[in-house]
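Asker: Model the following, please.
(chains A and B)
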Amino acid sequence: MNRITAGRRHPLARYAVLLLALGLLGVAYTLAVPTDDRAAASIASGKVDNVAEGKRLFEQSCSSCHGLNAEGIPDRGPSLVGVGWAAVDFQVSSGRMPMTQPGAQAPRKKPAEWVNDETIKQLGAYIQSLGGGPVPPTEEQVDASKGSRAKGGELFRANCIQCHNFVGAGGALTQGKYAPELTEATPKQIYEAMATGPQAMPVFNDSIITPDQKRDMIAYIVGLQNEPNPGGAGLGRIGPVTEGLLLWVVGISLLVLAAIWITAKKRQAK
Amino acid sequence: MSSVGPASNVPKPIAGPSSYLDDRLGAGNFLKRNLRKVFPDHWSFLLGEIALYSFIVLLLTGTFLTFFFKPSMEHVIYNGSYDGLKGVGMSAAYASTLEISFDVRGGLLMRQMHHWAALLFVAGMMVHALRVFFTGAYRKPRELNWLIGVLMLTLALLEGLTGYSLPDDLLSGAGLRITEGVAISLPLIGTWLTFFLFGGEYPGEDVISRFYSLHILLIPGILLALISAHMILMWVQKHTQMPGKGRTNTNVVGAPFYPAFMAKAGAYFMFTFGVIALLGTFGQINPIWLFGPYTPADISAGSQPDYYMGFLEGALRMMPAWEINIWGFTLPLSVLIPALVPMGIIMTGLALYPFVEQWVTGDRREHHVADRPRNNPHRTAIGISAITFYGLLWILGANDEISWTFQISLNWTTYIGRVLIFVAPVVAYIVTYRVCLGLQRSDAAVIGHGVESGVIKRLPHGEYIEVHVPPAEDIEAHIRGKEPIPVIPGADTEPGGIPPKGLRGPIGRLKAKLSKAYGGEKIPLDDGHGGHAHGDAGEHTAVGASEDKSLTH
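Answerer: Numbers count the residues shown, from 1 in each chain, chains lettered A, B, ... in the order given. Predicted coordinates for the structure are as follows:
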């Protein structure tokens, strides 16, 4: 103990403290930003062939719009530098990319033939290697059973429904763009959509909506997807438009038929 | 009861008390007179009853709902059985609506039936009003009853609006916000009116309880009084009837109230009740638990009002963002015009039409035989034109859902709507007018030529013709029930002639012009008698068509 206290005055002590502090900071940083670290690690730890394979896939299926080096082509496809693996996972796993035809927006569809977990990972690794960006969430981050539906509902109503509708039925935006319905979105895709802001959607990064809040919202949306309709047929759950349609098409028609039936009489024979 | 035949057949325990009551109430005579009241038999005459019976269902289900609903905006934390909202702060009104939906036995069914019945109530009024309009059944002496009807329709919209707002969910809040926007946009009184209505800054804490009083007490009370007046007037003035065999302006042909019509009306009540129950059971309506509690900061895509408010929503969505700023005051035309103009055109137009028509035709006679819509082509064309105007606004109120479902650009639905709202009613007017004349011509052909018999005859010189036979008696009577629309005497004064007193001056000349265009006989029934190209082929003319079978002329 005395030796340490005596060493305080040593000429090299200040450097030692500085090194220690820098080291601590480095460790703290690595722990605080685990995602970047993990992505970097996956690239570093001998999986570089993923990047090479991803680049091959990219050149084959994506480069016609996004450019040979993902630098983007004006009026065709944006640059993908910095969009991150999460964006790749979202777009490709939901079938939105590759697009079949240019349009205001890419619709959800059945993913292309070559798409599977492995190829998405390779493509993601390639895009991630270009400029980093958000990476897909862990299983735990999107586990709906660990989130709070009620809290998620409040966040969902405050942030999402102006485009996606209260029940996630989707809605129209300007000039042919739209917010898609959330009935088929997987928890992972919901998370990635918030993290990357695909198409017309804004980005809800972790400083706006924390990962825990994202999980609450996923719990709410998954709850909506699984919730039965206690009142009968859901009618698309979009409220008065389909209700009014049903009233006029079924309600009034039935009653007019009933009126005709009640007042019908046999034509008198002459 | 007096209709039970001679007193000797009635068992004493019944005859005794009933004659006791009869001596004191005089009910026997009243019933004797009124139970034999004749009601005409045409399906369209039952449409008004949809509204009447829906109203009864509304009163019954509504009373049930009042047992559990708390009309308060007091802030509570939800702790009921719906998992998705547990622990969420909301108003007591919303929490109690959730309770009705999930924790009260039969509550959800009652809520759904109440809502479906409300939709059906307004729809029933609409189809009934259309029937009355297109058959001219609003003419003298029924103008006042027509006005009562228009008033009831307006009140029903108000009743719907207040009821829609009560659950205090996020969807109804959007409607409330628009109501506030309209109120505050009114010049001079807007701000004052808004603070009065909401008891302070929007949304305040009073509006739910105020709407509740209006919804369950004041408006239903007025409606009930008006319905009674409507029914009494209808009873006293008797029904109109469609033209037909043996039907004149001074009789009513149909079934007596007791027993035939009563059975029919009873059955129709059951049908209405049944349809409401069916919809309430199998059609989920207004799932407020999915919408969440109201907070003024949140708004959802696809927020719509109930369909009967759709035309106002459409007008609002279509309106360009115009406003006038003078001396530091803002006149928000983009809210004022859509809120007031379409409603004004539709409701004022409905209310004034009987009087305008009287002014134009100079027709002050009583009418108890209804017009077939084709026989008053201008009225029918005006009606269809109004339906087109209303219908377009209604559809445009759902333009986001249309854009979303059919993948049309939202902007284009607006642009197209802005053009169509002016063009489509005009086109509808012209097309309807021509269709009416075409139908009149085909009527004239039926009277003039008869109907095709299916028998082909070969003439000596080789020509084939189809033999026509006279139409069935009742059909002919129905067609011959047509009357020319009156024209003000002197309206067709030659230019340079001296018009009668009422038709001078600019307004008088306009009146004469309108009267001439609106009235008169466009296609006389006798047109089919040999005019045109058919004249030479004698066999074409129906056998016996020259006999005058007119009953109503």
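Asker: what about residue A:184, how many residues close to it?
Answerer: By the other CB atoms under 10 Å in any protein chain shown criterion, the neighbourhood of residue A:184 contains 11 residues. C-beta coordinates here come from the backbone N, C-alpha and C atoms, glycine included.
Asker: go on, residue B:66?
Answerer: Using other CB under 10 Å as the criterion, the residues surrounding residue B:66 number 11.
Asker: got the residues of the stretch 251-400 of chain B near chain A?
Answerer: By CB under 8 Å from any CB of the partner chain, the part of the stretch 251-400 of chain B that sits against chain A consists of B:264, B:267-268, B:271-272, B:275-276, B:278-287, B:290-292, B:295, B:297-307, B:310, B:398-400.
Asker: ok, of these, which come out buried?
Answerer: The neighbour-count test (16 or more other CB atoms under 10 Å in any protein chain shown) applied to those identifies B:264, B:268, B:271-272, B:275-276, B:278-280, B:283-287, B:290-292, B:298-307, B:310, B:398-400 as buried.
Asker: The stretch 451-553 of chain B: helices as residue ranges?
Answerer: For the stretch 451-553 of chain B, the helices identified by DSSP state H, counting those that start in this stretch occupy B:473-480, B:505-518, in order along the chain.
Asker: what does the strand or helix carrying residue A:88 contact?
Answerer: Using DSSP states H and E, the secondary-structure element containing residue A:88 is helix A:84-93. With CB atoms under 8 Å, 6 or more residues apart in numbering or on different chains as the contact definition, helix A:84-93 has outside contacts at A:39, A:80, A:96-98, A:106, A:111-112, A:115, A:120, A:123-125, A:127-128, A:132-137, A:186, A:188-189, A:191-193, A:195-196, A:198.
Asker: Compute the number of surrounding residues for residue 248.
Answerer: No chain specified, so I'll use chain A. 16.
Asker: Sorry, I should have been clearer: chain B.
Answerer: The number of residues packed near residue B:248 is 14, by other CB under 10 Å.
Asker: pretty sure it is touching residue B:367, no?
Answerer: No: Residue B:248 is beyond contact range of residue B:367, at 11.6 Å (criterion: CB atoms under 8 Å).
Asker: residue ranges of the strands in the stretch 51-200 of chain A, please?
Answerer: Residue ranges of the strands in the stretch 51-200 of chain A, as given by DSSP state E, counting those that start in this stretch, are A:171-172, A:178-179.
Asker: Extract the residue ranges of the chain that are flagged as low pLDDT.
Answerer: I went with chain A, as the question did not name one. A:1-4, A:33-48, A:266-270 (pLDDT under 70).
Asker: that's the wrong chain, I wanted chain B
Answerer: In the prediction, chain B carries residues with pLDDT under 70 at positions B:1-8, B:527-553.
Asker: the inter-axis angle of the longest helix anywhere in chain B versus helix B:473-480?
Answerer: For chain B, the helix reaching the highest residue count under DSSP state H is reported as helix B:410-449. Compare the direction of helix B:410-449 with that of helix B:473-480 by axes from the mean of the first three to the mean of the last three CA atoms, to 10 degrees and you get 120 degrees.
Asker: Just the buried residues of helix B:410-449, please?
Answerer: B:410, B:413-414, B:417, B:420-421, B:424-425, B:428-429, B:432-433, B:435-436, B:439-440, B:443-449.
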